[in-house]
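Novice: Structure of the sequence below:
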Amino acid sequence: MTIALPTTVVRDGNFLPDDLSLYIGKKTLVKLILEVIEDLNVRSSGRQDIETGNPNIRPAMMVTLLAYCYASGIYGSTDIQLSIQHDQMIRYLCARNYPDLCAIRSFRRYHRERISRCLTAVLGRVWELRFRGEDAVPIGSGSGSVSRWIGQSATPDFRREAEQRITRAVRADSMAMDV
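Specialist: Numbering: from 1, shown residues only. Presented below is the predicted three-dimensional model:
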């Protein structure tokens, strides 16, 4: 089954779809996130442990949860909390320690750089796996060809894409508070 890259995503300046799990599967996405977190932990040998403010909520779980949600197109803390109730993979990632809205917002606020680094690496790995790897499906192979907007050599700015996804999460939470 081939899923066409929505052209609206490309027109907005984004080369990757909101929900990457549609392209590589939920399990593969989680595997990539866990690998990235491990790589980031190994590279930062002098890293400091991060705190969540809640002894039941582990920082590694929160980074994994938020990276997965943002890579799956789930941005608002309310949406994440609802997804914990309805999405088996998100429930699994929480490991029976379900963060509330405040914990999610607070963690994102104080650990944005760590989340961004993780998400940047995950986006890059998904791009390589799905669009550049040996088994990759060519970009223009779907029903809505995107090749006229981007060339085969075009590579997204993964750091910018990660920051845009985190900014969307902040905006979603801000809009929810305005209601």
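Novice: Check the gap between the most centrally placed residue in the chain and R165 for me.
Specialist: The chain has A71 as the residue nearest its centroid, 2.3 Å off, counting by C-alpha atoms, centre = their mean. For A71, the distance to R165 (C-beta to C-beta, to the nearest Å) stands at 8 Å. Bear in mind the C-beta positions are built from the backbone N, C-alpha and C, glycine included.
Novice: coming back round to it: local confidence estimate at the residue nearest to the centre of the chain?
Specialist: We have a pLDDT of 97 for A71.
Novice: With adjacent residues omitted, what lies nearest to it?
Specialist: Once flanking residues are discounted, A71 sits nearest to L20: 4.8 Å by C-beta to C-beta, 6 or more residues apart in numbering.
Novice: what's the answer for L93, then?
Specialist: With C-beta to C-beta, 6+ apart as the criterion, L93 has its nearest non-adjacent residue at 5.0 Å, and that residue is L65.
Novice: and if you look at G73?
Specialist: Distances taken as C-beta to C-beta, 6+ apart put D18 closest to G73, at 3.3 Å, once the chain neighbours are dropped.
Novice: so the one you found, which of the three states?
Specialist: Secondary structure state of D18, per DSSP: H, G, I helix; E, B strand; the rest coil, is coil.
Novice: in the longest helix seen in the chain, what's buried?
Specialist: If each helix of the chain is counted by residues according to DSSP state H, the longest one is helix 158-178. Of the residues in helix 158-178, F158, E161, A162, R165, I166, A169, V170, A172, D173 count as buried by neighbour count, 16 or more other C-beta atoms under 10 Å.
Novice: any chance of those residues in CSV, with distance to H86 too?
Specialist: Compiled in CSV, these are given as follows (distance: C-beta to C-beta, whole Å):
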residue, distance to H86
F158, 29
E161, 26
A162, 25
R165, 21
I166, 23
A169, 18
V170, 23
A172, 17
D173, 19
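Novice: What score does A172 have for pLDDT?
Specialist: Looking at A172 specifically, the model assigns a pLDDT of 94.
Novice: wait, doesn't it sit right on I80?
Specialist: No - using C-beta atoms under 8 Å, A172 and I80 do not qualify as a contacting pair, with a distance of 9.6 Å.
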